[in-house]
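K.L.:
Kindly generate the corresponding structure for this input.
(one chain, ligands or ions: 2)
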Amino acid sequence: MLSVVPPPVTAGAPAKVNLHLAVGDLRADGFHELRTVYQALSLSDRVRVQAAPALTVTVRGEGAAQVPTDRNNLVWKAATRLAHKAGMTPSVEIAIEKAVPVAGGLAGGSADAAATLVALDAFWRLDSSRADLVAIAAELGSDVPFALHGGTAYGTGRGENLLPVLARDTFHWVLALARDGLSTPRVFDELDRLRAHAAPPRCGDAEELLQALAAGDPARLAPLLGNDLQAAAVSLQPELRRTLRAGVDAGALAGVVSGSGPTCAFLCADHDSAIEVSAELSGAGVCRGVRLATSPAPGARVVADAG
Ligand SMILES: C[C@@](CO)(OP(=O)(O)O)[C@H](O)COP(=O)(O)OP(=O)(O)OC[C@H]1O[C@@H](n2ccc(N)nc2=O)[C@H](O)[C@@H]1O
Ligand SMILES: Nc1ncnc2c1ncn2[C@@H]1O[C@H](COP(=O)(O)OP(=O)(O)O)[C@@H](O)[C@H]1O
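P.N.:
Numbers count the residues shown, from 1 in each chain. Ligands and ions are numbered 1, 2, ... in the order given. Coordinates of the predicted model:
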């Protein structure tokens, strides 16, 4: 009997911005207790899976040279864990097409892992429950469940416990990309160091911000954006202070470091304003490049294969 090779499957998954990121105490397991409001961005990576003699990973696109292609890639871990749970052999090639800047605080690696889970679930026709995929996602990284979820969500624990959040309308962002990345554990360590010596700003609770999201009002949302990791990211890359100032001078409603940085996310009043801010920021010499994005965006999902 002929065995039929299943056709390739492509999935996409979004980058994220933390609109609110309150970092609590360091736990015994090395993670910090978080309270965060995630929103998924229209900027997304794509992952294509197809049959191959053995597990292989290829990477093209934005920052590809900095992304591992061995077991250190989160997609490799995602594939082996899903295969193990399903009793499959992960004989697949996983081709990543990156658009999300690497080590930028935008959770690109988490997006790739979430897209891999969704793509392989379809490729192997596993029909896994959402809860099963979320459980594997949480083992892979704190941000991976949100990349599956998409939209807007409130995250607690180390960021992996999610509740959906109501957000009306579309928000317009300009992302200022930094020349060098920042390592997430290094930024958390830096925050602990700063807190041991002083009292860097804390963003408090998210109540008002949740109301601004439900109202879909960017002018109300802007002054409420907050990130406890910002002081640590700025301490490690002091030039971010200039970038944050330049975005607001260019007409953004507000700017915030995204997650552990160093990408700075600028909330704009509307699409036209975002175009103006991006043009001005590009010319100001304060960043490696700019990207326009909207939010919220859907979570990881199978997409039509562009070939
Ligand atoms: C900071 C955030 C905010 O959304 O995003 P990024 O800026 O990295 O995208 C996340 O908490 C990052 O999530 P993720 O990138 O999945 O991190 P993980 O792989 O789970 O953890 C990497 C390391 O970051 C630190 N870490 C992470 C999450 C957390 N709640 N407390 C921590 O202290 C730990 O040192 C951990 O070993
Ligand atoms: N698929 C992947 N894409 C990007 N980086 C990856 C991937 N898998 C593993 N990594 C590693 O994870 C690190 C963090 O990457 P990324 O998820 O882009 O940033 P952040 O944690 O700041 O959001 C990278 O420096 C890279 O070494």
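K.L.:
Assign Ala231 to helix, strand or coil.
P.N.:
Classification of Ala231 using DSSP: H, G, I helix; E, B strand; the rest coil returns helix.
K.L.:
Strand partners (parallel or antiparallel) of the biggest strand by length in the chain?
P.N.:
The longest strand of the chain (DSSP state E) is strand 32-51. Taking DSSP bridges as the criterion, strand 32-51 forms sheet pairs with strand 9-26 (antiparallel), strand 92-98 (antiparallel), strand 152-156 (antiparallel).
K.L.:
can you tell me which residues contact the residue of the chain found nearest ligand 2?
P.N.:
Nearest residue of the chain to ligand 2 (CB to the nearest ligand atom) works out as Gly109 at 2.9 Å. Every residue, glycine included, has its C-beta placed from N, CA and C. Neighbouring residues of Gly109 by CB atoms under 8 Å, 6 or more residues apart in numbering: Val67, Asn73, Leu74, Val102, Gly141.
K.L.:
nearest to ligand 1, of the residues you listed?
P.N.:
The closest of these, once distances to ligand 1 are taken by CB to the nearest ligand atom, is Gly141, at 3.1 Å.
K.L.:
Backbone dihedrals for that closest one, please?
P.N.:
Torsion angles at Gly141 (phi, psi; degrees, to the nearest 10) stand at phi 180, psi 160.
K.L.:
Over to Ser295?
P.N.:
phi -150, psi 160.
K.L.:
ok, now the one 3 residues further on?
P.N.:
The main-chain torsion angles of Pro298 are listed as degrees, to the nearest 10 and equal phi -70, psi 160.
K.L.:
mind listing what it touches?
P.N.:
Pro14, Ala40, Gly150, Gly151.
K.L.:
per-residue confidence at it?
P.N.:
The score at Pro298 is 98. That number is its pLDDT.
K.L.:
Identify the residue nearest Val144 in space, chain neighbours excluded?
P.N.:
Ala137 (3.9 Å; CB to CB, 6 or more residues apart in numbering).
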